[in-house]
Every structure is written in structure tokens, then in C-alpha cells.
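K.L.:
can't give you the sequence, but here's the structure:
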């Protein structure tokens, strides 16, 4: 498929094929709804409605339970006393912002780490740490917000580093655990520790540390690994941007270098969008703050540049549904001083592309054979479970995965490297 004139460098559908059958004793399930074709997507940024107030140092959280985007914590102005007291909710269905009724347990709500975790079957937005702007006092307090009931409760498990005046660094979720990488001991130094929180109340300090002390580092979980790109250092007087880039394996508890992000940045988020890490603008040292979107492909250990959003900013709430939408709002403007209220939305529209899968046995091994159309003769990445399996490889419309004796559930997708257009996802269950 050829790139349209105003289209994105990254895109993806969520339409799946509804079909179940048995083949050679191996169960193959193509799960979902809606016929035998699927929609590829082209993406672009557009303006959303302004928040009810300018705001910065908020955390953006997409809540899958209701499909809404939340801006948690933060403040409306600098200098003390500007902290928000309630979550802000953006509803994509009505394209409106609402200030919720639930009230934060304290005013130490700047620079928190927030993410969705499940406890006893109920999903919540957990928020860790934070500071208030009058004295820069830091807390290790943990609370959780239930967007469905609009209630907030404190979790009796404070983050140990927060009680030592450390703000959370990068944060990401894997296996219903939140990982905090590094942090900022306010106006003293950065931190290199890695922490793991498991609901309802368990904190573990990992024995592995970051190779260098960093705070405000963009992090994203892809597959079973956590990737980072950029982050803030401390020169004894102020924050500086960096291009340090790492990959952390929480299971093996190991960390290593990846290709460095092409620009220095910090004080922003990274997002997992269709199996790639997107580092969203940010930074404070000129020419930052930026509106650049840097894309890291874990399959090839390479970086590329995506479509930039319109307004350069840092310390802003942003998140994604992972496949078709990114939301961002607020933050500090390019002067690093003015707080913004503006919102931008990255949305994908549809075009035609189809992926199918079959299974065959040969010599005791199981092969998943993937076929897709159309194929434009360029190159593609073939993804399995959100990570690149093959690629970049020729876009000839066919590929296969030798599972050997492995069983389990495998999700496949094909993405063009030139346009970012992705196929439908196909889920294969092998017994």
C-alpha cells in the first residue's frame, strides 16, 4: 500500500476475523467479529477540546474499562497552591472534559507515577508518590482511583523511595505490576534504583539498577521487556536532558543498552503503540521542549521519526489505547514557563488490508503460515505478541513462524515499514 500525502508513520487496526476451525489436530482460533476483511489504518493529529484549566505535571492514563482518558494530579499554575484536587476525565464519545467528584487524599500530586492495575478482578488507576509546589515536599503515598465508581482510596503501602524525598522516575506496567525506574531526589540528585509494586500492597526493590542515575525517563513495556529513551540528569543546579536508552528485563532482572534515541529529551512519556516505543516530545534544554515523536523498533534496534504533534511541550499527560489513538493535553509550552490547556488527538482511519493464518505440521514441528494482501513490494515487520518476529523483510505477502514443539496463544500482525500501516491481528491457539 502506498503512503497517502498526509498519513502517519505508524498505524494499526483493531478489527479481527471471526472464525474458528481445527486443522491437523491443532486448534486455530481467529478471534473477534466482523467478516473476513480487516481495516488497515492511516493516522494524523487533530485538535481536541481544551481542558477546563491549563495544567502541567499531570499523568495521562487510558482506562480500558470505559474507554476514557484521565489526567491525574498536576497543577494549574506554578508558585504554590495550584494543585488540582480532582481527576480530569476526557470522554472520546462526547469529546468533552469533566472534572470528577473524587478528591485526592493530599496536595502532593505533581509528578506522580500512575497506571492501571487490577486487584481482586477490579481495575483501578494506581498513583504513586508525588510532590507539592510550595515547598517541593515529596511523598511515598499510594492511592487508587476507580473511574467507574468515581472513588479514591489510599493504599496502605507507601513507596519506600518516596519517603526519602524521591519522585518517581520512569514507570511502566508488566504482568499487573508497576515498575518504577530511577527518580529525582528533589534538588539533590537523580536515583538509579528499580522498584516493583504488586497489588494490593507489595513493594520490592530490585537488585539491578539503572546504568546511570536518571529521573523523568520515558519508559514503555513491549512484550516482556521495558524500554527507555532519554531521561533527566542533574548537574548540581538544574535538570538536563539526555539520550540514554536501555532495555530492562523484569523476569531476568537484567538491564542493557539499546541504540540511543537520536535526540536528548526528558520530562515526558513513552508509549507502546503497535509494538513500537514512541517517545513523545518533551525536554527542557533548547531546542526543547519539542513536538517530535521518536519511534523505536525493538525488532531492529533502530529509531525513526513519526509525525510530530502541533504544539511543543513537556510535563504533559499522554497515553494511548495501544493501537489507534493517542491523547495528550496541557504541559509547559515551548518557553518552558507557560502552562497549556490545549489538547491533541492522534487518530487512525481505515483502509483495506487482510491477514490470515493457517497451521501445518512437518517433521514434528508446528508452523504458522501467514498470508496477507495487498503486498506493495516494500518491507514489513512481522509481529508476534507485540514484538517483531521477522523484519524488516520483503513485503511479498507471506511469512511463516516455526513454533517447533511450543504451544500456547500467539497474536500475529504485519506492519509496513514505509507507511506504518498494519494488518488486523490474528490470534492463534496451539495445543
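P.N.:
Received, thanks. Fair warning: this is a prediction, and the values are worked out from it, not measured in the lab.

K.L.:
poorly predicted segments of the stretch 251-400 of the chain, please.
P.N.:
349-352 (pLDDT under 70).

K.L.:
list the contacts for the closest residue to residue 301 other than its chain neighbours?
P.N.:
Sequence neighbours aside, residue 259 is the residue nearest to residue 301 in space, at 4.9 Å (criterion: CB to CB, 6 or more residues apart in numbering). To be clear about C-beta, it is placed using only N, CA and C from the backbone, and glycine gets the same treatment. Residues counted as contacts of residue 259 (CB atoms under 8 Å, 6 or more residues apart in numbering) are 245, 296, 301-303.

K.L.:
which among these count as buried?
P.N.:
245, 296, 303 (16 or more other CB atoms under 10 Å).

K.L.:
return the member of those nearest to residue 315.
P.N.:
Proximity of the buried ones among the contacts of residue 259 to residue 315 (CB to CB) peaks at residue 245, which lies at 20.4 Å.

K.L.:
give me every residue that touches that closest one.
P.N.:
Contacts of residue 245 by CB under 8 Å, 6+ apart are 227-230, 257-261, 296.

K.L.:
run the last query once more with 7 Å
P.N.:
Going by CB atoms under 7 Å, 6 or more residues apart in numbering, residue 245 touches 228-229, 257-261.

K.L.:
for residue 277, see how far away it is.
P.N.:
9 Å (CB to CB, to the nearest Å).

K.L.:
tell me, what's touching these two both at once?
P.N.:
residue 229.

K.L.:
coming back round to it: give me the subset of the buried ones among the contacts of residue 259 that lies in strands.
P.N.:
296, 303 (DSSP state E).

K.L.:
strands of the stretch 1-150 of the chain, start to end?
P.N.:
Assigned by DSSP state E, counting those that start in this stretch, the stretch 1-150 of the chain shows strands spanning 19-23, 26-30, 38-48, 59-63, 68-72, 88-91, 96-99, 113-119, 122-128, 142-146.

K.L.:
can I get those strands in CSV with distance to residue 250 and mean pLDDT?
P.N.:
As requested, the strands of the stretch 1-150 of the chain are exported to CSV (distance: least, CB to CB, whole Å; pLDDT from 0 to 100):
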stretch, distance to residue 250, mean pLDDT
strand 19-23, 34, 26
strand 26-30, 29, 30
strand 38-48, 30, 71
strand 59-63, 21, 98
strand 68-72, 24, 98
strand 88-91, 30, 98
strand 96-99, 35, 98
strand 113-119, 14, 98
strand 122-128, 17, 98
strand 142-146, 19, 98
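
K.L.:
who wins for proximity to residue 337 among those?
P.N.:
Among the strands of the stretch 1-150 of the chain, if distance is taken as CB to CB, the winner is strand 68-72, at 20.0 Å.

K.L.:
out of the contacts of residue 245, grab the one that's most surrounded.
P.N.:
With neighbours taken as other CB atoms under 10 Å, the top of these is residue 229, carrying 31 neighbours.

K.L.:
tell me how far the closest residue to it other than its chain neighbours lies from residue 269.
P.N.:
Leaving aside its chain neighbours, residue 229 sits nearest to residue 261 (4.0 Å; criterion: CB to CB, 6+ apart). Distance of residue 261 to residue 269, computed by CB to CB: 13 Å.

K.L.:
before we move on, the earlier item: can the strands of the stretch 1-150 of the chain go into CSV with extra columns for mean neighbour count and distance to residue 291?
P.N.:
Converted to CSV, the strands of the stretch 1-150 of the chain look like this (neighbours: other CB atoms under 10 Å; distance: least, CB to CB, whole Å):
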stretch, mean neighbour count, distance to residue 291
strand 19-23, 11, 42
strand 26-30, 18, 39
strand 38-48, 20, 9
strand 59-63, 24, 16
strand 68-72, 24, 19
strand 88-91, 20, 20
strand 96-99, 15, 22
strand 113-119, 21, 23
strand 122-128, 23, 27
strand 142-146, 22, 29
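
K.L.:
and of the ones you listed, who's closest to residue 409?
P.N.:
Of all the strands of the stretch 1-150 of the chain, strand 26-30 comes closest under CB to CB, at 8.5 Å.

K.L.:
residues touching the strand or helix carrying residue 209, excluding its own?
P.N.:
Residue 209 is part of strand 202-214 when elements are defined by DSSP states H and E. Strand 202-214 has contacts (CB under 7 Å, 6+ apart) with 157, 159-160, 169, 181-182, 189-197, 231-233, 242, 244, 246, 253-255.

K.L.:
which strands border that strand, and is each parallel or antiparallel?
P.N.:
When pairing is defined by DSSP bridges, strand 202-214 lines up against strand 189-198 (antiparallel).

K.L.:
quick one on the thing from earlier: and the furthest pair within the contacts of residue 259?
P.N.:
Longest span within the contacts of residue 259, CB to CB: 245 and 302, 11.6 Å.

K.L.:
partner residues bridging the residue lying closest to residue 325 once chain neighbours are set aside?
P.N.:
Using CB to CB, 6+ apart and skipping residues adjacent in sequence, the residue nearest residue 325 is residue 347, 5.6 Å away. Under DSSP bridges, the beta-bridge partners of residue 347 are residue 44, residue 325.
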